[in-house]
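Trainee: Test case, fold it:
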Amino acid sequence: MVFTGTLPCNSVTQIQRLFTRSHLQQHQFSPPILKPCSSSSSSSHNQKHIFSLIQDSAVIACLRANSAEQAMEAARAAVNGGITVLEIVRSTPGVFEVLQALVNEYPTKAFGVGTVLAAEDAKTAIKAGAKFLMSPATVNDIIDTVRDADVLYIPGVMTPTEILSAHNAGAKIVKIYPVSALGGVRYVSAIMKPFSHIPMVASQGITIDSVGDYIAQGAISVVLSDAIFDKEAMNQNNFNAVNQLAKSAALQGKIAIERLVLF
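Mentor: Sure, this is the predicted structure:
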């Protein structure tokens, strides 16, 4: 069943929450197509588009590099391997210049900056073309900074209180971090039960072969760092190895999404 028409803002929000990934696992139908509220800004539309890219890919590649040149080559290898959402860690030399170059080179992909801890860095990343920002914790100043911007802020959370607080503060997605230290897939499964209305990304210590398990338990995406940008491969500038790992990760993400549609 497809709904069209204009609904009050509150109604749209409530309906959209009914169609989170956990509900799609239980019901074999597609989310309704809703016209945006007349008061919605273009930034809200863009944030929804970025959200869809993250959800549809099921994988966020997380890149740490020793130089801007290495970052560019590794990012190209990953994107050419099928990665559509890629995060560059703030500590990477020339991170904002690399980001801007990648945005220009691959305009249909979603590039973001990770480990963002200050509002100033958030502003610089936005100017460079970041589509999303990630932090290991929730930084309220960043939430305020991006509220009306064309980016998604994904703060790091760990406990139920942190999850709910970040969501209530305005975060559209939260990042469960460090997920492997918290129990991995079992923790995501448990925490989704009271918070199925809050989109979650799982991050830290995730392997390519466990992508499907996390998605099946309710995560909308997973962050893969060393699993794609293998430390030995990066040390040797073996970008062919990075490309092959990216292909495997992108395939696992695709399979995970297809399984949700089937079941």
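Trainee: which SS class is Val201?
Mentor: Classification of Val201 by DSSP: H, G, I helix; E, B strand; the rest coil places it in strand.
Trainee: quick one: contacts for it?
Mentor: 54, 60, 154, 173-176, 219-223 (CB atoms under 8 Å, 6 or more residues apart in numbering). Just so you know, the C-beta spots here come from the backbone N, C-alpha and C atoms, and that holds for glycine as well.
Trainee: try 6 Å this time
Mentor: For Val201, the contact set (CB atoms under 6 Å, 6 or more residues apart in numbering) comprises 173, 175, 221.
Trainee: What residues are bridge-paired with it?
Mentor: For Val201, the beta-bridge partners are Lys175, Ser221 (DSSP bridges).
Trainee: Now do it, the pLDDT please.
Mentor: Among the per-residue scores, Val201 shows a pLDDT of 98.
Trainee: going forward can the numbers begin at 19, since that is how I track them
Mentor: From this message on, residue numbering opens at 19, which makes the last subject Val219.
Trainee: Tell me the one of the contacts of Val219 nearest Gly99?
Mentor: Nearest to Gly99 among those, counting by CB to CB, is Ser239 at 16.9 Å.
Trainee: Roughly how far does the closest one sit from Ala259?
Mentor: 23 Å (CB to CB, to the nearest Å).
Trainee: more crowded one of the two?
Mentor: Legend: neighbour count by other CB atoms under 10 Å for Ser239 and Ala259, higher for Ser239 (29 against 17).
Trainee: Would you mind listing the residues in contact with that one?
Mentor: So Ser239 contacts 72, 76, 78, 219 (CB under 6 Å, 6+ apart).
Trainee: Switch those residues over to TSV; also include distance to Ser62.
Mentor: As requested, those are exported to TSV (distance: CB to CB, whole Å):
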residue	distance to Ser62
Ile72	16
Ala76	23
Ile78	21
Val219	20
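Trainee: Nearest to Gly230 among these?
Mentor: Distances from Gly230 to the contacts of Ser239, taken by CB to CB, are shortest for Ala76, at 8.6 Å.
Trainee: For burial, what's the neighbour tally of the closest one?
Mentor: Ala76: 27 neighbours (other CB under 10 Å).
Trainee: Same check on Lys149?
Mentor: Lys149, neighbours per other CB under 10 Å, totals 24.
Trainee: and the nearest residue to it once chain neighbours are set aside, what are its bridge partners?
Mentor: Counting by CB to CB, 6 or more residues apart in numbering, Lys149 lies nearest to Ala128, which is 4.3 Å off, once chain neighbours are set aside. According to DSSP bridges, the residues that bridge with Ala128 are Val103.
Trainee: can you tell me the helix or strand for the residue positioned nearest the centre of the chain?
Mentor: The centre of the chain sits closest to Ile72, judged by CA atoms, centre = their mean, with a distance of 4.7 Å. According to DSSP states H and E, Ile72 maps onto helix 60-75.
Trainee: just to revisit the earlier point, sort out which one of the contacts of Val219 lies nearest Glu180 for me.
Mentor: Glu180 has its nearest neighbour among the contacts of Val219 in Lys193, at 10.6 Å by CB to CB.
Trainee: Can you give me every residue that contacts that closest one?
Mentor: 172, 174, 219, 221.
Trainee: Now the helix or strand hosting Ala259: buried residues?
Mentor: Assigned by DSSP H and E, Ala259 falls within helix 257-280. Burial within helix 257-280, assessed by neighbour count using 16 or more other CB atoms under 10 Å, is assigned to 257, 259-268, 270-272, 274-275.
Trainee: Once you drop chain neighbours, what's closest to Gly100?
Mentor: Gly100 sits nearest to Ala268 (CB to CB, 6+ apart), 3.1 Å away.
Trainee: swap that for Ala96, please
Mentor: Ala264 (4.2 Å).
Trainee: isn't that neighbour right up against Ile246?
Mentor: Yes: judged on CB atoms under 6 Å, Ala264 makes contact with Ile246 at a distance of 5.4 Å.
Trainee: hey, what's in contact with both of these two?
Mentor: Ala96.
Trainee: still on that earlier bit, okay, the helix holding Ile72 in PDB with CA atoms only?
Mentor: What follows is helix 60-75, C-alpha atoms only, in PDB (Å, rounded to 0.1, in the frame of the first residue of the first chain):
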ATOM      1  CA  SER A  60      16.000  21.700   2.100                       C
ATOM      2  CA  SER A  61      18.400  20.600   4.900                       C
ATOM      3  CA  SER A  62      15.800  18.100   6.200                       C
ATOM      4  CA  HIS A  63      15.400  16.700   2.700                       C
ATOM      5  CA  ASN A  64      19.100  16.300   2.300                       C
ATOM      6  CA  GLN A  65      19.500  14.700   5.700                       C
ATOM      7  CA  LYS A  66      16.900  12.100   4.700                       C
ATOM      8  CA  HIS A  67      18.800  11.400   1.500                       C
ATOM      9  CA  ILE A  68      22.000  10.800   3.400                       C
ATOM     10  CA  PHE A  69      20.200   8.600   5.900                       C
ATOM     11  CA  SER A  70      18.900   6.500   3.000                       C
ATOM     12  CA  LEU A  71      22.400   6.200   1.600                       C
ATOM     13  CA  ILE A  72      23.700   4.900   4.900                       C
ATOM     14  CA  GLN A  73      20.800   2.500   5.400                       C
ATOM     15  CA  ASP A  74      20.900   1.200   1.800                       C
ATOM     16  CA  SER A  75      24.600   0.500   1.900                       C
END
